Every structure is written in C-alpha cells, then in structure tokens.
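[1] Build me a model from this:
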Amino acid sequence: MSVAALLLAAGESRRMGRPKALLPWPFHYGEGTTLLAHQILALKAAGVDWVVVVLGHQAAALRAAVEPRLPGHLAGISWTVNPHYRQGKTTSVKAGLAALGSVPCDALLLLNVDQPRTAETLRHLLAEHRRGGSLITIPTYQGKGGHPVVLDGSLLEELREIDEATEGLRALVRRHRDGVRRVAVDAAEVLWDLNTPEEYQAAVQG
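    Sure, this is the predicted structure:
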C-alpha cells in the first residue's frame, strides 16, 4: 500500500503567539527538534512514502529553519506554499493535493503540525486502515474522535473539491459515514491539538 501524507503548517499561530511549527519538541528525536521536524520524521518512520509539507505564513523562514536539520538520507519529502492560507484549512488541503500531483497513493493521511503524533501511533493507524479495508479510518481515545484521518486513495478527487462553505473534510466524512471505521487506540495523543501555550505545556508535561 503506497501512502502519502499532507502535513498542514500554513497557519499564523495567533493563539500560540509564536510559530507552532518551530516549537521545541524534544521527544523521540532528541533535543533541538522542532514540532514540524518531529512530524516529518514521525511520518517517515511510520512508513509514509511521500510527505507534502504545506506552508503559508512565514513559509520561507519555516522551511529554512527546519529543512537543513532533517537527516540527509530522507527521501519522499516535498514542500509547497499555500498563498490562500488565510481563507481556511481546505485551501491548504487543496494546495497539498496539487503538489502531490500524480504520485501513486492508495491511502492519504491528513495531519496538522499542531497535532504531534509518534511514529508508533501513526504506524498502528495505517496498519489498521490497511487491515480494515475501509474508506476512512479515524482514531479514537476513550470514545472521542481524534486525528489523523486516513482516507482511501479513491477519495482524492472528491477531496480536491472540498471548501470551507460546506465544512470541508467533515462534509466528506459525513457523506461516506457508512465507510468510516473508528479505531480505538491507547494513546491520548490522538486528541492533542496544540493551539495555545497552555495546551502546548500540558502536552509537553504529559
């Protein structure tokens, strides 16, 4: 199964007060690792073949800060800029899909930069998606739905048509609710969404 991932890091981080992508995240990959670098490394370690990093606000500065610190042997990583990032997350999804182009993709994983996940959790979710054969796989923790969402490659064309006015990805999931499989995991991290300094500190301490 060929797997691609869109890593969305285009936002302005207004509630955080500084770029979330550059927040220190020392777990698993050592001191000096930023949140964005952690996400890229975790996705690749989980077996994702192609990672598209979607940037927007301060795009050049983020890429310049992160890309040189990635191991030189890593392949299958591309960067793209969404000039319309202020219009909502769906524009970043579309920019990522455009950059993905014709890369073979049996499954697509969607993850935001402020949702740090370990390679183990990502690997487990991808294995469950493969095993379950569903159109959409969503992780849950203690009954609550989390992220990332994994989509079957057959949904890519439909995903290219989402927009903010019709609730984007949520609307797509609702249309295919009979093809959704929710996978219970033991990792609370699938619920992490670090929008504020308090949420960031709680995740670091936890």
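[2] you'd agree His38 is up against Asp114?
    No. In this structure, His38 is not within contact of Asp114 by Cβ atoms under 8 Å, at 11.4 Å. Bear in mind the C-beta positions are built from the backbone N, C-alpha and C, glycine included.
[3] List the buried residues for the host helix or strand of Leu97?
    Leu97 belongs to helix 89-100 when assigned by DSSP states H and E. Judged by neighbour count using 16 or more other Cβ atoms under 10 Å, the buried positions of helix 89-100 are Lys89, Thr90, Thr91, Ser92, Val93, Lys94, Ala95, Gly96, Leu97, Ala99, Leu100.
[4] any idea of the mean pLDDT in it?
    On average, the pLDDT along helix 89-100 is 97.
[5] Stretch 5-16 now?
    Here the average pLDDT along stretch 5-16 is 96.
[6] so how far does it reach from one end to the other?
    Start-to-end span of stretch 5-16 (Cα to Cα, to the nearest Å) is 24 Å.
[7] Stretch 129-136 now?
    Stretch 129-136 has its terminal residues 8 Å apart, counting by Cα to Cα.
[8] Under a three-state scheme, what state does the residue of the chain positioned farthest from its centre occupy?
    Using Cα atoms, centre = their mean, the residue of the chain lying farthest from its centre is Asp178. It sits 23.5 Å away. For Asp178, the assignment made with DSSP: H, G, I helix; E, B strand; the rest coil gives helix.
[9] what about it, distance to Arg86?
    Per Cβ to Cβ, to the nearest Å, Asp178 is found 35 Å from Arg86.
[10] Find the centremost residue of this structure, please.
    Leu111 (1.3 Å).
[11] my guess is His176 contacts Ile136, does it?
    Yes. In this structure His176 lies within contact range of Ile136 using Cβ under 8 Å: 6.0 Å.
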